[in-house]
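Asks: what's the 3D shape of this:
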Amino acid sequence: MRRVVALVVTLLPFAAYAAGKFALESAEVKPNVKISDKQVYNGFGCSGGNVSPSLTWSNPPSGTKSFAVTVYDPDAPSGSGWWHWILFNLPADARSLPAGAGDPKAPKLPKGTVQSITDFGAPGYGGPCPPKGDRPHRYVFTVHALEVDKLDLDEKSMPALVGFTINSNRIDKATLTSTYSRKP
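Replies: Sure thing, here's the model as predicted:
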(Lines give C-alpha, C1' and ligand atoms only; values in the text may rest on other atoms or scores of the structure.)
Protein backbone atom coordinates (compact mmCIF):
# COMPACT_ATOMS: atom_id res chain seq x y z
CA MET A 1 0.00 0.00 0.00
CA ARG A 2 2.83 2.41 0.86
CA ARG A 3 4.33 1.88 -2.59
CA VAL A 4 1.02 2.76 -4.27
CA VAL A 5 0.68 5.93 -2.18
CA ALA A 6 4.31 6.87 -2.87
CA LEU A 7 3.80 6.29 -6.60
CA VAL A 8 0.62 8.41 -6.67
CA VAL A 9 2.28 11.25 -4.73
CA THR A 10 5.28 11.10 -7.06
CA LEU A 11 3.16 11.16 -10.23
CA LEU A 12 0.68 13.91 -9.22
CA PRO A 13 2.92 16.80 -10.34
CA PHE A 14 3.43 15.07 -13.70
CA ALA A 15 -0.33 14.61 -14.15
CA ALA A 16 -0.89 18.32 -13.52
CA TYR A 17 1.87 19.17 -15.99
CA ALA A 18 0.42 16.82 -18.61
CA ALA A 19 -2.99 18.47 -18.28
CA GLY A 20 -1.38 21.81 -19.08
CA LYS A 21 -1.62 25.22 -17.53
CA PHE A 22 -4.73 27.38 -17.93
CA ALA A 23 -3.67 29.71 -20.77
CA LEU A 24 -4.99 32.62 -22.83
CA GLU A 25 -3.91 33.57 -26.36
CA SER A 26 -4.94 35.98 -29.10
CA ALA A 27 -4.16 36.16 -32.81
CA GLU A 28 -4.19 39.98 -32.70
CA VAL A 29 -2.76 40.82 -29.26
CA LYS A 30 0.62 39.48 -28.18
CA PRO A 31 2.27 39.57 -24.74
CA ASN A 32 4.26 42.74 -24.08
CA VAL A 33 3.75 44.01 -27.66
CA LYS A 34 2.02 47.26 -28.62
CA ILE A 35 -1.65 46.77 -29.47
CA SER A 36 -2.51 47.54 -33.09
CA ASP A 37 -4.67 50.46 -34.19
CA LYS A 38 -7.44 48.02 -35.14
CA GLN A 39 -8.03 47.34 -31.41
CA VAL A 40 -7.59 50.99 -30.27
CA TYR A 41 -10.63 52.98 -29.11
CA ASN A 42 -12.39 55.32 -31.52
CA GLY A 43 -13.06 58.42 -29.38
CA PHE A 44 -11.43 60.50 -26.62
CA GLY A 45 -8.95 61.73 -29.26
CA CYS A 46 -8.10 58.23 -30.51
CA SER A 47 -9.07 57.03 -33.98
CA GLY A 48 -8.71 53.26 -33.88
CA GLY A 49 -10.97 50.52 -35.14
CA ASN A 50 -12.22 49.59 -31.64
CA VAL A 51 -12.47 45.92 -32.61
CA SER A 52 -12.11 43.45 -29.75
CA PRO A 53 -9.41 40.88 -30.50
CA SER A 54 -10.06 37.17 -30.80
CA LEU A 55 -9.32 35.27 -27.60
CA THR A 56 -8.69 31.56 -27.13
CA TRP A 57 -8.16 29.78 -23.84
CA SER A 58 -7.16 26.23 -23.00
CA ASN A 59 -6.85 23.86 -20.05
CA PRO A 60 -9.42 25.41 -17.71
CA PRO A 61 -9.38 23.98 -14.20
CA SER A 62 -11.62 21.14 -13.14
CA GLY A 63 -14.87 22.37 -11.66
CA THR A 64 -15.23 25.35 -14.02
CA LYS A 65 -18.94 26.11 -14.48
CA SER A 66 -18.66 29.36 -16.45
CA PHE A 67 -16.18 32.00 -17.60
CA ALA A 68 -15.82 35.76 -17.42
CA VAL A 69 -13.51 37.93 -19.54
CA THR A 70 -12.11 41.29 -18.54
CA VAL A 71 -9.72 43.85 -20.03
CA TYR A 72 -8.24 46.25 -17.51
CA ASP A 73 -5.69 49.11 -17.63
CA PRO A 74 -4.03 49.39 -14.20
CA ASP A 75 -2.01 52.42 -15.40
CA ALA A 76 -4.94 54.73 -16.19
CA PRO A 77 -4.62 58.03 -14.28
CA SER A 78 -7.99 57.56 -12.58
CA GLY A 79 -6.80 56.38 -9.20
CA SER A 80 -8.55 53.05 -9.79
CA GLY A 81 -7.47 51.91 -13.26
CA TRP A 82 -9.84 51.60 -16.24
CA TRP A 83 -12.16 48.75 -17.23
CA HIS A 84 -12.16 48.33 -21.03
CA TRP A 85 -14.26 45.18 -21.41
CA ILE A 86 -16.31 43.06 -19.05
CA LEU A 87 -18.31 40.00 -20.00
CA PHE A 88 -19.54 37.08 -17.97
CA ASN A 89 -21.83 34.04 -17.98
CA LEU A 90 -19.92 32.43 -20.84
CA PRO A 91 -20.74 28.70 -20.76
CA ALA A 92 -18.24 26.21 -19.35
CA ASP A 93 -17.68 24.64 -22.79
CA ALA A 94 -16.62 27.98 -24.38
CA ARG A 95 -12.95 28.13 -25.38
CA SER A 96 -12.81 31.21 -27.61
CA LEU A 97 -14.28 34.51 -28.69
CA PRO A 98 -13.99 35.72 -32.29
CA ALA A 99 -12.60 39.15 -33.20
CA GLY A 100 -15.37 41.73 -32.93
CA ALA A 101 -17.29 39.84 -30.22
CA GLY A 102 -17.12 42.97 -28.06
CA ASP A 103 -19.55 44.83 -30.31
CA PRO A 104 -22.88 44.73 -28.41
CA LYS A 105 -24.75 44.91 -31.73
CA ALA A 106 -22.95 41.90 -33.24
CA PRO A 107 -24.37 38.44 -32.43
CA LYS A 108 -20.96 36.85 -31.80
CA LEU A 109 -21.29 35.82 -28.15
CA PRO A 110 -22.72 32.55 -26.80
CA LYS A 111 -26.35 32.77 -25.71
CA GLY A 112 -26.70 34.08 -22.16
CA THR A 113 -23.37 35.91 -22.13
CA VAL A 114 -23.61 39.39 -20.61
CA GLN A 115 -21.46 42.40 -21.52
CA SER A 116 -21.70 44.98 -18.76
CA ILE A 117 -20.78 48.62 -18.39
CA THR A 118 -17.14 49.59 -18.78
CA ASP A 119 -15.50 52.80 -17.62
CA PHE A 120 -16.51 54.28 -20.99
CA GLY A 121 -20.08 54.19 -19.62
CA ALA A 122 -21.58 51.54 -21.89
CA PRO A 123 -21.43 47.76 -22.36
CA GLY A 124 -19.04 46.31 -24.92
CA TYR A 125 -15.37 46.49 -25.81
CA GLY A 126 -13.60 49.84 -25.55
CA GLY A 127 -10.02 49.71 -26.78
CA PRO A 128 -6.92 51.44 -25.46
CA CYS A 129 -6.77 55.25 -25.49
CA PRO A 130 -4.36 56.49 -22.83
CA PRO A 131 -3.58 60.20 -22.46
CA LYS A 132 -1.08 61.57 -24.98
CA GLY A 133 2.47 61.47 -23.69
CA ASP A 134 1.81 58.96 -20.88
CA ARG A 135 4.23 56.09 -20.57
CA PRO A 136 2.96 52.90 -22.24
CA HIS A 137 -0.09 51.55 -20.42
CA ARG A 138 -0.57 47.85 -19.74
CA TYR A 139 -3.78 46.19 -20.92
CA VAL A 140 -4.49 43.00 -18.99
CA PHE A 141 -6.75 40.58 -20.86
CA THR A 142 -8.02 37.96 -18.41
CA VAL A 143 -10.26 34.92 -18.70
CA HIS A 144 -11.62 33.88 -15.31
CA ALA A 145 -12.73 30.29 -14.62
CA LEU A 146 -15.68 30.49 -12.22
CA GLU A 147 -17.20 27.98 -9.80
CA VAL A 148 -20.77 29.14 -10.53
CA ASP A 149 -23.00 28.66 -13.59
CA LYS A 150 -23.78 32.36 -13.78
CA LEU A 151 -23.29 35.64 -12.01
CA ASP A 152 -26.55 37.23 -10.92
CA LEU A 153 -25.66 40.57 -12.55
CA ASP A 154 -26.78 42.36 -15.70
CA GLU A 155 -25.49 44.74 -18.41
CA LYS A 156 -25.97 47.75 -16.08
CA SER A 157 -23.75 46.33 -13.33
CA MET A 158 -20.86 48.60 -12.45
CA PRO A 159 -17.29 47.39 -13.11
CA ALA A 160 -16.26 47.29 -9.44
CA LEU A 161 -19.28 45.15 -8.53
CA VAL A 162 -18.63 42.76 -11.41
CA GLY A 163 -14.94 42.56 -10.49
CA PHE A 164 -15.79 41.81 -6.87
CA THR A 165 -18.28 39.13 -7.89
CA ILE A 166 -15.86 37.54 -10.35
CA ASN A 167 -13.08 37.46 -7.74
CA SER A 168 -15.46 35.96 -5.15
CA ASN A 169 -16.30 33.06 -7.49
CA ARG A 170 -13.00 32.50 -9.33
CA ILE A 171 -11.22 29.16 -9.37
CA ASP A 172 -8.33 30.33 -11.56
CA LYS A 173 -7.43 32.89 -14.21
CA ALA A 174 -5.28 33.14 -17.32
CA THR A 175 -3.91 36.50 -18.46
CA LEU A 176 -2.31 38.15 -21.46
CA THR A 177 -0.79 41.62 -21.01
CA SER A 178 -0.08 43.95 -23.90
CA THR A 179 0.76 47.66 -24.12
CA TYR A 180 -0.27 50.86 -25.86
CA SER A 181 0.85 54.50 -25.77
CA ARG A 182 0.21 57.71 -27.74
CA LYS A 183 2.81 60.25 -28.70
CA PRO A 184 2.39 63.82 -27.35
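
Asks: what comes up buried for stretch 85-97?
Replies: Going by neighbour count (16 or more other CB atoms under 10 Å), the buried part of stretch 85-97 is 85-90, 94, 97. The C-beta positions use only the backbone N, C-alpha and C, and glycine is treated the same way.

Asks: quote the end-to-end distance of that stretch.
Replies: 13 Å (CA to CA, to the nearest Å).

Asks: repeat for stretch 39-58
Replies: Terminal residues of stretch 39-58 lie 23 Å apart, using CA to CA.

Asks: cool, and stretch 97-107?
Replies: End-to-end distance (CA to CA), stretch 97-107: 11 Å.

Asks: also stretch 163-183?
Replies: Start-to-end, stretch 163-183 (CA to CA) is 31 Å.

Asks: same deal with stretch 164-184?
Replies: 35 Å.

Asks: one more: stretch 88-99?
Replies: 17 Å.

Asks: you'd agree residue 172 is up against residue 61?
Replies: Yes - judged on CB atoms under 8 Å, residue 172 makes contact with residue 61 at a distance of 4.6 Å.

Asks: which residues are in contact with each of those two?
Replies: Residues touching both residue 172 and residue 61 (CB atoms under 8 Å, 6 or more residues apart in numbering): 22, 145.

Asks: how close does the spatially most central residue of the chain get to residue 30?
Replies: Nearest to the geometric centre of the chain sits residue 142, at 2.9 Å (CA atoms, centre = their mean). Plainly put, residue 142 is 16 Å away from residue 30 if you go by CB to CB, to the nearest Å.

Asks: could you do residue 46 as well?
Replies: Between residue 46 and residue 30 the computed distance is 20 Å (CB to CB).

Asks: these two: who's more crowded?
Replies: residue 46 (17 against 14; other CB atoms under 10 Å).

Asks: which one is that one nearest to, not counting chain neighbours?
Replies: residue 129 (3.8 Å; CB to CB, 6 or more residues apart in numbering).

Asks: for residue 83, same thing?
Replies: What sits nearest to residue 83 in space, not counting adjacent residues and going by CB to CB, 6+ apart, is residue 159, at 3.9 Å.

Asks: residue 95 now?
Replies: The spatially closest residue to residue 95, leaving aside those adjacent along the chain, is residue 57, at 6.0 Å (CB to CB, 6+ apart).
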